[in-house]
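K.L.:
Sequence and predicted structure below; questions after.
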2 protein chains.
Amino acid sequence: MTTQQLTQQIFAKKSFLCIGLDVDLNKIPNHLLATEDPIFEFNKAIIDATHDLTVAYKPNTAFYEAYGLKGWMALEKTINYLNQKHPEIFTIADAKRGDIGNTSAMYAKAFLEDLAFDSVTVAPYMGKDSVEPFLAVKNKFTILLALTSNEGAFDFQTKDSNGKELYKQVIETSKTWENAENLMYVVGATKAEYFTEIRKIVPENFLLVPGVGAQGGSLSEVCKNGMSENVGLLINSSRGIIYASSDENFPEKAREEALKIQQEMAEILS
Amino acid sequence: MTTQQLTQQIFAKKSFLCIGLDVDLNKIPNHLLATEDPIFEFNKAIIDATHDLTVAYKPNTAFYEAYGLKGWMALEKTINYLNQKHPEIFTIADAKRGDIGNTSAMYAKAFLEDLAFDSVTVAPYMGKDSVEPFLAVKNKFTILLALTSNEGAFDFQTKDSNGKELYKQVIETSKTWENAENLMYVVGATKAEYFTEIRKIVPENFLLVPGVGAQGGSLSEVCKNGMSENVGLLINSSRGIIYASSDENFPEKAREEALKIQQEMAEILS
């Protein structure tokens, strides 16, 4: 997928919503537990109910790995379902990987080629040669952790690094890497005041924004400070949408929650 | 496993070697490709040939994820084989994970409880609440990336952060986290001069040291600067041992390479 295609989808759907598919068997409706693959059945129902309101889906790999083989199989089925049924939707493997060069290349193969996600999240701590193998995959995006939405973001990311905060140092340095045009960045909504600063460094790159809703971030604040000419934002919501109900009506309730956000987004875009 | 048990094993075997099980189907002997599970057969042969010379095995999860379901199954079989046959050997899931709290808890469950590794490597970028869920698992170790063995280590890790290099900031800060006694650190052998500095901050914690051999680091230099009273070092070698031969004699050749390192270690320990 290209940035242009993503932007076109955003304007067509009047939405820059990303739905996080973080499936926890303790939280999904009981009646699904009797099915052969509860995780996939849950995802399929959420996708069927929300695909016209969202431009991206983001399974966090931790939730799948926690169920071992069964979990990995559900992840495969979910991405295959998305790629076959809704190839226009942007897919994100929220894996937060990163290793020495030849090892990062294995992760890039796993997520961007074999599973065929459009993008993967990557941690920057190990620097350039740990990220470039992801950037090397054509027509795919690498979403680099910059400023995350958790408390621990203040432990290192906002500390001064060579004269500027580490997260700024990370974004600036990453712009010099090979195929840097394939970069997006994770920036938490809980720190909306930082978006203005970030837009000075990367005026156009897409930002993946967790932390709206459950984690307390405000959509309008983020848009005011972070929106670029081509929108440039993917706002993620996970729990607020997918666990809106724990009854058999969960797809309808998830759709209601997604619709609320999409309508707010349509207003902002107009 | 406790630190005392690990140290006892080190003195009993006169070895502080860790063997990296980074299995690449393009590099393993051809005759294994005809078996039902070539990755596991390869690992089993390496383990059978080297378990008395090494105190730890470290599969890097990237190499398994790159083969999807088959890979994940081979990882499960490998850790089960180790836990059943050689429960005294320290096992490391080299996964370099790290996410917001509830998500890190899922990774901790996957690697430390379900797969029952003794330890897992974790990236520090997201700070305290991304690491503490790993530290919370009793009798297990969290191995935090501090100073890695790749070129990219100089992009951020050695940059000044609030008056000291980021990797020192990471180690110092991590000492204040809950259950910090369960921490070990990754420190690359290619930067042996840094070990003296690191030992001032953490005189006793174990350091997992990649980069000896293939990546050019020197064992004697690392030991001179980095050894603690209870040894405190696990020196990893992957390619140099497991790919010593691509013929049917690969277990014997792997043993020969492991033996060379173990003998050097026995000399250092005496």
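P.N.:
Structure received.

K.L.:
Now the stretch 151-270 of chain A against chain B: closest residue?
P.N.:
Residue nearest to chain B within the stretch 151-270 of chain A (C-beta to the nearest C-beta): residue A:152, separated by 2.4 Å. Placement of C-beta: from N, CA and C, glycine included.

K.L.:
For that residue, which non-adjacent residue is spatially closest?
P.N.:
By the measure of C-beta to C-beta, 6 or more residues apart in numbering or on different chains, the closest residue to residue A:152 outside its immediate chain neighbours is residue B:127, 2.4 Å from it.

K.L.:
wait, isn't that neighbour in contact with residue A:147?
P.N.:
No. Between residue B:127 and residue A:147 there is no contact under C-beta atoms under 8 Å: 11.3 Å.

K.L.:
joint contacts of the two?
P.N.:
By the contact definition C-beta atoms under 8 Å, 6 or more residues apart in numbering or on different chains, residue B:127 and residue A:147 are jointly contacted by A:153, A:157.

K.L.:
Can you report phi and psi for residue A:60?
P.N.:
With angles defined as degrees, to the nearest 10, residue A:60 sits at phi -90, psi 120.

K.L.:
Report the contact partners of it.
P.N.:
A:20, A:21, A:22, A:94, A:95, A:238, B:99, B:103.

K.L.:
hmm, try it at 7 Å
P.N.:
Neighbour list for residue A:60: A:20, A:22, A:94, B:103 [criterion: C-beta atoms under 7 Å, 6 or more residues apart in numbering or on different chains].

K.L.:
Between these, identify the one with the most neighbours.
P.N.:
residue A:94 (27 neighbours; other C-beta atoms under 10 Å in any protein chain shown).

K.L.:
My guess is residue A:264 contacts residue A:219. True?
P.N.:
Yes. The pair residue A:264 / residue A:219 is scored as a contact, 5.9 Å apart, by C-beta atoms under 7 Å.

K.L.:
And for the nearest residue to residue A:194 once chain neighbours are set aside, the neighbour number?
P.N.:
Spatial nearest neighbour of residue A:194, excluding adjacent residues (C-beta to C-beta, 6+ apart): residue A:147 at 5.9 Å. Residue A:147 has 25 neighbours, counted by other C-beta under 10 Å.

K.L.:
And residue A:147, its phi and psi?
P.N.:
Dihedral angles for residue A:147 - degrees, to the nearest 10 - are phi -130, psi 110.

K.L.:
give the contact list for it.
P.N.:
A:153, A:157, A:167, A:187, A:188, A:191, A:194.

K.L.:
For these, could you give me CSV that also reports pLDDT?
P.N.:
Formatted as CSV, these follow (pLDDT from 0 to 100):
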residue, pLDDT
A:153, 95
A:157, 96
A:167, 97
A:187, 97
A:188, 93
A:191, 79
A:194, 92
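
K.L.:
Including secondary structure, could the residues you listed go into a markdown table?
P.N.:
Shown next, in a markdown table, are the contacts of residue A:147 (DSSP: H, G, I helix; E, B strand; the rest coil):
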| residue | secondary structure |
| --- | --- |
| A:153 | helix |
| A:157 | coil |
| A:167 | helix |
| A:187 | strand |
| A:188 | coil |
| A:191 | helix |
| A:194 | helix |
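
K.L.:
Among these, which one lies nearest to residue A:31?
P.N.:
residue A:188 (34.5 Å; C-beta to C-beta).

K.L.:
Chain neighbours aside, what residue packs nearest to that closest one?
P.N.:
residue A:149 (2.9 Å).

K.L.:
wait, that neighbour sits on residue A:210?
P.N.:
Yes. Counting by C-beta under 7 Å, residue A:149 touches residue A:210, with 4.7 Å between them.

K.L.:
residues shared between the contacts of the two?
P.N.:
A:188, A:189.

K.L.:
Would you map the helices across chain A?
P.N.:
For chain A, helices defined by DSSP state H occupy the ranges A:3-13, A:38-50, A:61-65, A:68-85, A:101-108, A:128-135, A:153-156, A:166-174, A:195-201, A:219-226, A:239-242, A:250-269.
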